[in-house]
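Peer 1: Sequence first, then the predicted structure, then my questions.
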Protein chains: 2
Amino acid sequence: MVADPVRLGTGVVAPIVPTAAAISALRPVPGGDVSITGGFWGERLRINRERTIRHGHEQLNAAGNFENFRLAAGADGEYRALGMMFTGPFPFLDSDVYKWLEAVGWELGRGQDDGLAAMADEAIGLVAAAQRPDGYLNTFVQVVAGGRPYEDLAWGHELYTLGHLVQAAVAWQRSCGDGRLLAIAERAVEHVHDHLGPRAREGLDGHPEIEMALVELFRTTGDRRHLDLAAWMVERRGRGVVGPGRFGPVYWQDHLPVREAPSVAGHAVRQLYLDCGAVDVAVETGDQGLLEAVRRRWQDMVERHSYVTGGLGSRHRDEAFGDPFELPPDRAYTETCAAIASVMLGWRLLLATGEPAAAAVVERTLYNAVLPGLALDGTSFFYVNPLQRRTQRAPGSRQEGHRQAWYACACCPPNLMRMMSSLEAYIATTDEGGVQVHQYATGEIGADTGGGRVRAIVETGYPWNGEVSVRIVESGPAAWTLSLRVPDWARQATVELPGMDRTSAEPPFAAVTRSWSPGDEVRLHLDTPARVTDPDPRIDAVRGCVAIERGPLVYCLETADLPEGTELEEITVAHDVRPADVPRADIAADAVGLELPAVRTVDGVALDVHAVPYFTWANRQAEAMRVWIPADGDTDAYPARLAYASGTSDA
Amino acid sequence: MVADPVRLGTGVVAPIVPTAAAISALRPVPGGDVSITGGFWGERLRINRERTIRHGHEQLNAAGNFENFRLAAGADGEYRALGMMFTGPFPFLDSDVYKWLEAVGWELGRGQDDGLAAMADEAIGLVAAAQRPDGYLNTFVQVVAGGRPYEDLAWGHELYTLGHLVQAAVAWQRSCGDGRLLAIAERAVEHVHDHLGPRAREGLDGHPEIEMALVELFRTTGDRRHLDLAAWMVERRGRGVVGPGRFGPVYWQDHLPVREAPSVAGHAVRQLYLDCGAVDVAVETGDQGLLEAVRRRWQDMVERHSYVTGGLGSRHRDEAFGDPFELPPDRAYTETCAAIASVMLGWRLLLATGEPAAAAVVERTLYNAVLPGLALDGTSFFYVNPLQRRTQRAPGSRQEGHRQAWYACACCPPNLMRMMSSLEAYIATTDEGGVQVHQYATGEIGADTGGGRVRAIVETGYPWNGEVSVRIVESGPAAWTLSLRVPDWARQATVELPGMDRTSAEPPFAAVTRSWSPGDEVRLHLDTPARVTDPDPRIDAVRGCVAIERGPLVYCLETADLPEGTELEEITVAHDVRPADVPRADIAADAVGLELPAVRTVDGVALDVHAVPYFTWANRQAEAMRVWIPADGDTDAYPARLAYASGTSDA
């Protein structure tokens, strides 16, 4: 397969590109200017491109998602779906195709093809053929629901699905300069303008998503009507427009107006997608009040609703946040999509406000809540990400602890694909004074600063160690500031410049301002000793336990690392346990595992147990797993700033 | 309203009456022979009769349940339902009418009317008029589902609903000698015989219930076909007959054959109703293997799935048991119906096997899992019974912590009514050698023993103190054994007979064999000091907490008893806390509350907090509540026989 050279690497790999007029403390450095070329993330991105996206194509074919577009275009056949919602097929299956297309769009923008372009060409052809002459496009409504648009806005996911089409279209336009999907999306959105909105019928989708897509469509096309419609949708929500539904109006955030609701509530992904759209609207309309409302909710979420992994959503029944500090490890819902949405929201808040804590949450979430959703080999997934899986389990516990090749409700797998394919966009920012590096990955960062074009090579052993080297390879003569994020978890951080003494660095940034010359190198050293984290005493579900962390990673115990015949539930550690690093080449070449002295409660036998990064769990013969480990001894519990921790101690 | 004297008090208040041929270690002493005349339970039964059953009649009227029978009989109108299941009305609304009728039947049998007979007459008339000429009767199928029976056995609850009709019919026949409902029920069951079963179509209801009803119908009519059909239904279950459904076959116990499944699993009420039917089939067919299978599952349930309250069912999503030791206090589902079903199953196992632990579980469950479902004033209910409710809660948390006058899915309220109305049947048993008293309530017990008719007056301060007096008022000359159950929680128990020294008594029974004369009195003294219960260390959700119990009662803390401005989540107690009895006349005349020294963690202030019986919670301005209280200090955790406790210590 020969790649089309015109389409490859011509564009901007960036899902979020605020206009020049937007409220924006920091500006994105889009992928394309950032490239991840090796190390930990280079390998994850390679697997996404070479395995996961291809696997997604196979699965979408097998599940019938592509076929449904043929039916909508007039072919004969039965609508295809792996699962049922209530009594009919899931109505949002098109969105999985769009998310997959978005991922391929970013890959092509990154200069990668490997045959993906041809697969996408066929899919785009199917999408185009399915669109009605009036612009409407939704295979479920066209094939199953009698062709009547917008009749079940509460449950039908029509605008949600359209939002994903728009995001894919924006990706192809920005990344490849390819406007085929954009033309389809604009016609479909035009159909919405004709039927819903301030000058037509009042109606909101039960699942927010279209809001952020419309803002990006405005940013791409300059058509302000899209921004206005998004702003109207954000404004009307919370006024009982969607209705009570089965789980009450809070389920879809229709309980309180978006600028009034003090806390995250209801279905986690819906809340987070809504707040992403609200930030996008706020920054483009200059609405500081709306932005502040989202920031307050985000703070509430971090302080009272976040798992130690960064995962979000505590309840299975309605996929909801639940009560503050209701954070059960075993029944954690922590949907992979919620973690992805949290990264999307954190990034938006970082751009809008410059709040360094947002980048810290993105880091925690990427490693410990997004990555666990994807098997190491890239071809199976978790929808739900519990922090504990018992040895003894209920009969028929499906989907819990076993990665699946695909899901009847397959929102998470293609969401992972598009997140990985656009990950380069979440690495660095610029402002007037220079460049900020928020996430560490081996590769190259280019940016336009006030002083002109700069380029730097980054090398790092992240997440296995905290060594980061940034070598300038291009810079104008004017001074500018290189800011390297110093995570809160780094008990000791130093910065080293050639010919200068090491100096200590404090969170949130080690900032070096100077006139840079090619060859200049900054070395950041972050200490990554294992540390023991006490839970906030208000988290009832993990009282008396500790979590083990090291650098950006949360660790867990798995049966596969225990002596034969020992059940995970029998293991306790001392509260002042001191884990020791051990190499884990079985996980990855440079992977670091931890060894912990422990006691087997049934017989009091002392033994050493091994902890592995939580994101690697369930990749072996997984039986039981736990992040929070029962601990003996006194704890220094005190209320803390973050939901999941009352304090940590170096081990 | 003049009661029909022919119907009153002529019969046998007993939902379970094994035939003479049945496997039966103990025989029931039906209500009628047992009467509760005063004390704690006398008051609860009075409230049930005077308030709850009348309230039920009003609510069934208001919700439209009665009206639906008129529609089925041909009246014009829209099918009435307060709530929706998936996309249509709940299909099981008739069953609430039948449970209410069953309760009225028992009340009339107990010699109580107060106008209930007239209400019931009207309802029976509606039921009779709705029955089709072919015997089929289900208002949902007749009015909503096109009149085609047995088309949605998995979700339609048709046989479940019919089972409740049969149980009501049996109650009216036994209790009042009134065969009107029985005639209706027999015709409806005949329709089932014609269409389902070993000689017709294979089909099982997604919700077990009809099995136990059919066995009781066999016991009442002598028609063995009903027993055979029940046996066939029990035998066919677990073989994929019902199907996978939304939650997997385990949801309705279709994952493993009934005599093979090692543990309780899936939807708790379905499992328990199924096992009630399986015991009924086993004892009547002499099937020791089937009986043993249920007994094993019951043991598993007690050891690994029971809350300290006796409540059952840990998951909201599918109302399921969950994993062993998955017993979250906040998200405890512990449906009131599951507690009632547990009493029904425990009683059956007690009769079949004589296992004293079954009576202990019935006691724990009655006081701490059934009673909490009913407000003290008898007119509002809990469907879900959490063991913790936080001060800070998710927005829009409905049904959690607030008793409701009725529910869209109103299975629990009329289930409480029939349980209270037939409670006298669960008090005592006989065997060849004498009489066993399992539950203590002030009243009278009559029984036919090997030595002839005996009668005794029971007086007790239960559950507030452990003083029980049994005074013989009638007995033949032959010696017989009076066995009084000694609960495990009684650290000291003594028995006193006139003119004899007190002797100490050990669980499970204080048994006195002698030739009794009228006037003889036995006094049982059970020590009821408050005690502190450590959770089993395998219950992750309540690690580091203690529960406070006293006699048969589990206690809890409520915001209403805390100093103004103190949040419940700030309260901790010492692990060796010593609660002191305090009178709580605000709850009931003889009620005993507990006072505990505690510490407010935010400021280290020592203060005394008051605990109340869990069954009384949410009867005041309830804010927060918790049964398991965070405790400082070492615990003596060791694996235990019961799920909820690793050990207790007297306080």
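Peer 2: Received, thanks. Residues are numbered from 1 along each chain as shown, chains lettered A, B, ... in the order given.
Peer 1: quick one: the helices in the stretch 301-450 of chain A?
Peer 2: The residue ranges that make up the helices of the stretch 301-450 of chain A, judged by DSSP state H, counting those that start in this stretch, are A:336-353, A:356-365, A:412-421.
Peer 1: can you tell me the average pLDDT over the second one?
Peer 2: Which is helix A:356-365. Confidence over helix A:356-365 (mean pLDDT, whole number) is 97.
Peer 1: ok so, going back, quick one, which of the helices of the stretch 301-450 of chain A gets closest to B:Asn65.
Peer 2: Nearest of the helices of the stretch 301-450 of chain A to B:Asn65, taken as Cβ to Cβ: helix A:336-353 at 40.0 Å. For every residue, glycine as well, the C-beta is placed using N, CA and C.
Peer 1: okay, the closest one in CSV with CA atoms only?
Peer 2: As requested, C-alpha coordinates have been extracted for helix A:336-353 and formatted as CSV (Å, rounded to 0.1, in the frame of the first residue of the first chain):
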residue,chain,number,x,y,z
THR,A,336,-12.1,4.0,30.3
CYS,A,337,-14.1,6.7,28.4
ALA,A,338,-14.4,8.7,31.6
ALA,A,339,-10.7,8.7,32.1
ILE,A,340,-10.2,9.8,28.5
ALA,A,341,-12.8,12.5,29.0
SER,A,342,-10.9,13.6,32.1
VAL,A,343,-7.8,14.0,30.1
MET,A,344,-9.7,16.0,27.5
LEU,A,345,-11.2,18.3,30.3
GLY,A,346,-7.9,18.6,32.2
TRP,A,347,-6.2,19.7,29.0
ARG,A,348,-8.8,22.3,28.2
LEU,A,349,-8.6,23.7,31.7
LEU,A,350,-4.8,23.8,31.5
LEU,A,351,-5.0,25.8,28.3
ALA,A,352,-7.7,28.1,29.6
THR,A,353,-6.3,28.8,33.1
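Peer 1: so what does it touch, helix or strand wise?
Peer 2: For helix A:336-353, the contact count by 3 or more Cβ pairs under 8 Å, 6 or more residues apart in numbering or on different chains; DSSP states H and E identifies helix A:268-285, helix A:288-304, helix A:356-365, helix A:412-421 as packing neighbours.
Peer 1: Flag every residue of the stretch 451-600 of chain A that's near chain B.
Peer 2: Taking Cβ under 8 Å from any Cβ of the partner chain as the criterion, the neighbours of chain B within the stretch 451-600 of chain A are A:537-538, A:540-545, A:569.
Peer 1: For those, which single residue is the most surrounded?
Peer 2: A:Val542 (28 neighbours; other Cβ atoms under 10 Å in any protein chain shown).
Peer 1: My read is that that one contacts A:Asp534, right?
Peer 2: No: counting by Cβ atoms under 8 Å, no contact exists between A:Val542 and A:Asp534, whose distance comes to 9.5 Å.
Peer 1: Can you tell me the SS state at the residue in the stretch 201-350 of chain A that chain B sits nearest to?
Peer 2: Closest approach of the stretch 201-350 of chain A to chain B (Cβ to the nearest Cβ) occurs at A:Val250, with a separation of 3.2 Å. Using DSSP: H, G, I helix; E, B strand; the rest coil, the structure places A:Val250 in helix.
Peer 1: Please tell me how far it sits from A:Ala268.
Peer 2: Using Cβ to Cβ, to the nearest Å, A:Val250 is found at 12 Å from A:Ala268.
Peer 1: Neighbour count: the two, which is higher?
Peer 2: Neighbours per residue, other Cβ under 10 Å: of A:Val250 and A:Ala268, the larger number sits with A:Ala268, 29 against 26.
Peer 1: what's near enough to touch the more buried one?
Peer 2: For A:Ala268, the set of contacting residues under the criterion of Cβ atoms under 8 Å, 6 or more residues apart in numbering or on different chains consists of A:312-313, A:319-321, A:333, A:335, A:338, A:341.
Peer 1: so what's the residue of the stretch 201-350 of chain A closest to chain B closest to, chain neighbours aside?
Peer 2: B:Gly396 (3.2 Å; Cβ to Cβ, 6 or more residues apart in numbering or on different chains).
Peer 1: Contact partners for the one you found?
Peer 2: With contact taken as Cβ under 8 Å, 6+ apart, B:Gly396 is in contact with A:248-251, A:255, A:265-266.
Peer 1: Pull the residues that contact stretch A:372-380.
Peer 2: Taking Cβ under 8 Å, 6+ apart as the criterion, the residues outside stretch A:372-380 that touch it are A:47-48, A:50-52, A:55, A:309, A:336, A:339, A:381-383, A:385, A:403-405, A:412, A:416, A:420, A:587, A:614-619.
Peer 1: Can you point out the buried residues in that stretch?
Peer 2: Of the residues in stretch A:372-380, those buried by neighbour count under the rule 16 or more other Cβ atoms under 10 Å in any protein chain shown are A:372-376, A:378-380.
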